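Engineer: mind looking at a prediction? Sequence and model below.
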Amino acid sequence: MLPGGRLENTVMEEDPIYPNRQGKSVYIETYGCQMNVSDSEMMTRVLKQAGYGVAADLEQADVILLNTCAVREHAEQRILGRVGQLAQCRVRKPHLLLGLCGCMAQHLRDRLLRQIPYLNLVVGPDGYRRLPELIARASEEAVIDVRLDRTEAYEDIAPVRADGVSAFVTIMRGCDKVCSFCIVPFVRGRERSLAPEAILADVRRLAASGVKEITYLGQTVNSYYHDETDFAGLLRRTEDIDGIERIRFMSPYPADMTDRAIEAMASCKKVCRHLHLPLQSASDPVLERMRRQYTVGEYRHLVRRLREAMPDLSLTTDIIVGFPGETEEDFRLTYDFLEEMRYDSAFLFKYSAREGTRAYRWGDILSEEEKNRRLEEIIALQERITVEANREWVGRIADVMVEGESRRSDSEWYGRTSQYKTVVFPRNGERPGEIVPVTIEEARTHTLVGRRAG
Ligand code: SAH
Ligand code: F3S
């Protein structure tokens with residue numbers, strides 16, 4: 001998951017099919033995880049179909065929607081700040097509508113309308129189909145739609161995606177786990193999987209439009225199940241789609257990683273050799289209080305099986321430090337476990353108490369100072385391990401999918417290896433989407449630098 005950062009506006013293509021009936025245009029600003037990016041792409045389709053234009057920038061918009069994250073308090077505070085900033089646009093444009101969508105909308109509901117009098121619209125993750133009518137009503141009065149719907153999967157709505165060689169495909173929504181720290185099940189509702197036919201049709205359309213890599217998304221993506229098709233079955237069926245060269249997915253839940261899924265990963269050549277496998281903590285008592293449904297021993301065993309099946313697999317994870325009651329000893333166990341696992345990289349989070357969750361009742365016991373100390377310590381460790389893991393690539397040849405021009409120079413490409421490592425190398429007639437062998441010559445903290453091999 002992306003830790004609460006803002007992503008650029010997710011839209012995109014001119015669409016001549018739908019006339020812009022109201023002459024109004026919408027701008028969506030997306031925060032949080034890839035699932036939100038994917039949702040914004042789907043919301044764009046809903047709005048286009050209703051005749052809305054897509055504003056190229058904020059200045060041109062008649063409606064601004066923020067698609068928000070509620071996973072940590074920090075994310076919410078940043079978004080509140082942003083809403084205040086955007087309200088200034090009203091001075092020049094009195095008819096501007098401002099809406100908050102997504103997880104934070106679902107979490108804070110009508111409290112948002114009370115707190116922010118100039119907000120016109122609050123829409124939760126299951127209300128996007130109704131966006132056009134909600135926006136229409138919002139010019140009269142403040143509107144809120146935070147109904148959760150056990151069946152809404154939006155599988156008939158084809159997302160409007162930005163051009164590129166890589167695309168997100170949502171395969172399941174919601175979450176049925178009960179991690180005691182996590183707000184997601186409350187704001188995204190019950191788990192539901194999209195029909196495999198709808199998913200595969202979308203992937204085929206993407207392949208036809210030149211997309212080479214897809215990333216399947218779900219809160220517990222490997223819990224995917226629809227009628228007779230499980231996650232392993234879906235991977236195998238995706239493998240057969242011509243034009244798609246790489247298949248990724250985010251994020252699997254460790255306890256649901258079946259032998260069938262491991263076998264499917266290992267035997268499908270297009271499935272990338274990278275797994276983001278959230279651990280959260282390496283102390284059994286903490287895992288139990290987190291209600292993670294696995295022990296450290298089981299997680300270790302799972303990684304052993306994965307690495308046996310796929311020796312070139314890279315592994316990344318999520319860790320929370322400062323969970324209520326995490327002792328120094330618990331923290332040390334996690335610290336030592338990172339050293340043992342040698343993750344290629346990790347998202348390291350400081351615990352944030354979220355109202356409504358089970359852990360919220362236990363309070364935020366550790367001081368901010370103590371949580372910061374643990375976080376800094378573990379970040380320093382992981383940075384060292386990440387560099388060491390990257391250095392192991394120096395001298396080797398990696399297959400790199402060209403994604404675009406490097407940020408530093410237009411004479412260089414950036415791309416990714418199957419292991420999800422970013423590689424920068426000099427351009428020499430390649431095209432985005434092409435997979436080329438690159439000899440790795442240098443390892444920096446977050447990038448490998450190389451030269452085309454052969
Ligand atoms: N299953 C989801 C997880 C969503 S939240 C997935 O697709 O990855 C992403 C990560 O945020 C979690 O793995 C966890 O490490 C972190 N997180 C969730 N709730 C948190 C909280 N209350 N405080 C700090 N970090 C949290
Ligand atoms: Fe959250 Fe746990 Fe689900 S981290 S998204 S409740 S698997």
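Structural biologist: Received the coordinates, thanks. Residues are numbered from 1 along each chain as shown. Ligands and ions are numbered 1, 2, ... in the order given.

Engineer: which bits of this protein sit near ligand 1?
Structural biologist: 1, 71-72, 181-182, 184, 219-220, 250-251, 278, 280, 318, 320, 349, 351-352, 354 (CB under 6 Å from any ligand atom). For the C-beta atoms, the positions are set from N, CA and C on the backbone; glycine is no exception.

Engineer: now a ChimeraX select for only the buried ones of these.
Structural biologist: Here is the ChimeraX command that picks out the buried ones among those, judged by 16 or more other CB atoms under 10 Å:
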select :1,71,72,181,182,184,219,220,250,251,278,280,318,320,349,351,352,354
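
Engineer: which of the residues of the chain next to ligand 1 fall in helices?
Structural biologist: The helices, defined by DSSP state H, take in V184 from these.

Engineer: please flag which of the residues of the chain next to ligand 1 sit within strands.
Structural biologist: M250, D318, I320, F349 (DSSP state E).

Engineer: so what does G415 look like in phi/psi?
Structural biologist: Backbone geometry at G415, expressed as degrees, to the nearest 10, gives phi -160, psi -170.

Engineer: what is the neighbour count of it?
Structural biologist: By other CB atoms under 10 Å, the residues close to G415 number 26.

Engineer: do the same with the one 10 residues further on
Structural biologist: F425: 25 surrounding residues under other CB under 10 Å.

Engineer: thinking it is in contact with E412, fair?
Structural biologist: Yes: using CB atoms under 8 Å as the test, F425 is close enough to E412 to be in contact (6.4 Å).

Engineer: how about the ones in strands among the residues of the chain next to ligand 1, which pair is most distant?
Structural biologist: Of all pairs drawn from those, the one with the longest distance (CB to CB) is M250 and I320, at 17.6 Å.

Engineer: coming back round to it: ok, so of the ones in strands among the residues of the chain next to ligand 1, who is nearest ligand 2?
Structural biologist: Looking at those and their distance to ligand 2, the nearest is D318, at 8.0 Å (CB to the nearest ligand atom).

Engineer: longest helix in the protein, please.
Structural biologist: Assignment by DSSP H; longest helix in the chain turns out to be helix 368-391.

Engineer: and the next element down the chain from that one?
Structural biologist: Past helix 368-391, heading to the C-terminal end, the next element that is a helix or strand (DSSP states H and E) is strand 397-405.

Engineer: buried sites along that next one?
Structural biologist: When burial is assessed from 16+ other CB under 10 Å, strand 397-405 yields the following buried residues: A398, D399, V400, M401, V402, E403.

Engineer: export those residues to a markdown table and tack on distance to V123?
Structural biologist: Output for these, formatted as a markdown table (distance: CB to CB, whole Å):
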| residue | distance to V123 |
| --- | --- |
| A398 | 43 |
| D399 | 42 |
| V400 | 40 |
| M401 | 36 |
| V402 | 38 |
| E403 | 32 |
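
Engineer: in JSON lines, list the residues you listed along with distance to ligand 2.
Structural biologist: Putting those into JSON lines (distance: CB to the nearest ligand atom, whole Å) gives the following:
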{"residue": "A398", "distance to ligand 2": "31"}
{"residue": "D399", "distance to ligand 2": "32"}
{"residue": "V400", "distance to ligand 2": "31"}
{"residue": "M401", "distance to ligand 2": "28"}
{"residue": "V402", "distance to ligand 2": "33"}
{"residue": "E403", "distance to ligand 2": "28"}
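
Engineer: returning to what we had before: so for the longest helix of the chain, what gets flagged as buried?
Structural biologist: K371, R374, L375, I378, L381, Q382, I385, T386, A389, N390.

Engineer: can you tell me what sits against it?
Structural biologist: For helix 368-391, the external contacting residues (CB atoms under 8 Å, 6 or more residues apart in numbering) are 314, 319, 321-322, 326, 331, 334-335, 338-339, 342-346, 348-351, 421, 443-446, 448.

Engineer: likewise for stretch 279-287?
Structural biologist: Stretch 279-287 is contacted by residues 179, 254, 290, 292, 294-296, 299, 317-320, 323, 325-326, 329-331, 333-334, 336-338, 341 when judged by CB under 8 Å, 6+ apart.

Engineer: again, only this time at 7 Å
Structural biologist: 290, 292, 294-296, 299, 317-320, 323, 326, 330, 333-334, 337 (CB atoms under 7 Å, 6 or more residues apart in numbering).
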